[in-house]
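Peer 1: Could you look at this predicted model? Sequence included:
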Amino acid sequence: WLLSCMGRRAPSFALASLSLSLSLLSATSRPTSAAFLTSPHQLPAFQRPNSVELRKPSLAMSSSAEGGGKYRPCAGALVFNKEKKVLCGNRMDVPGSWQLPQGGIDEGEEPAAGARRELYEEMGLKCPGDVVSVKTLDETISYDVPPGTWLEKQGFAGQRMHWTLYFYPGSDLPKVDLSGLGGEKPEFTEVQWMSWPELLAANEFKRALNEKLQRLAEPVIDAYTASL
């Protein structure tokens with residue numbers, strides 16, 4: 001489900017668009033609560049993201065500085081509580097690697113709607129209802145994926161994350177449903193409130209991504225919790 005979307009790359013994007021238009025023109029003549037992690041899972045170095053960058057929001061697929069590939073738009077849901085901790089899930093496919101609810105944005109879907117849907121599908125939390133929507137961040141975070149992934153096979157150089165922040169008003173761990181809702185397969189085996197240092201240590205592959213997210217999200221979290 002890989003967080004996490006430009007003006008400086010306009011020339012390369014224009015050339016890519018021209019090339020695509022010429023190809024299409026030519027084609028016309030011929031006939032898709034857990035215990036805290038004590039030993040963080042770390043992926044091998046070759047599986048770590050090549051680069052992470054901040055960008056202004058856009059759902060368009062744009063070219064990258066390195067490989068000129070397109071980025072898959074994704075929506076992520078960051079749920080925080082009054083202690084400023086974030087709600088994380090232990091991944092079913094990579095046990096010991098914790099992350100936030102996230103996934104691809106459907107065609108025609110707004111990032112905020114995508115985040116709300118992912119939060120429900122992966123954790124069973126509803127907004128409104130279980131959490132309060134606070135803000136969709138103005139900037140997105142893009143990162144490259146390693147060779148050989150299903151994303152690369154579909155023509156993507158990486159993913160572009162749009163993040164929406166939610167507040168959970170309770171003092172306990174939310175009652176989640178991890179069975180996989182909306183026709184989706186289960187994503188997590190358990191959930192846990194984590195501080196930012198704990199989250200950074202609990203997912204080496206997405207450490208750089210989460211560091212960028214922390215920098216963008218903390219001012220919003222601080223302002224909201226101060227107003228309670």
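Peer 2: Happy to help now that I have it.
Peer 1: Please make it C-alpha for all contacts and neighbour counts, starting now.
Peer 2: Will do.
Peer 1: in the protein, which ranges drop under the pLDDT threshold?
Peer 2: 1-53, 55-68 (pLDDT under 70).
Peer 1: redo that, cut-off 80
Peer 2: By pLDDT under 80, the weakly predicted segments of the chain are 1-69.
Peer 1: Tell me where it has strands.
Peer 2: Remark: strands assigned in the chain by DSSP state E are 52-55, 70-80, 86-91, 98-99, 102-104, 132-136, 140-144, 156-167, 188-194.
Peer 1: Give me the residues contacting the fourth one.
Peer 2: The one in question is strand 98-99. Contacts with strand 98-99, where a contact means CA atoms under 8 Å, 6 or more residues apart in numbering, come from C88, G89, N90, R91, L199, A202, N203.
Peer 1: now those residues in JSON lines, with neighbour count?
Peer 2: Putting the contacts of strand 98-99 into JSON lines (neighbours: other CA atoms under 10 Å) gives the following:
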{"residue": "C88", "neighbour count": "25"}
{"residue": "G89", "neighbour count": "25"}
{"residue": "N90", "neighbour count": "22"}
{"residue": "R91", "neighbour count": "19"}
{"residue": "L199", "neighbour count": "25"}
{"residue": "A202", "neighbour count": "25"}
{"residue": "N203", "neighbour count": "21"}
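Peer 1: what's the spacing between A217 and R116?
Peer 2: Taking CA to CA, to the nearest Å as the measure, A217 falls 17 Å from R116.
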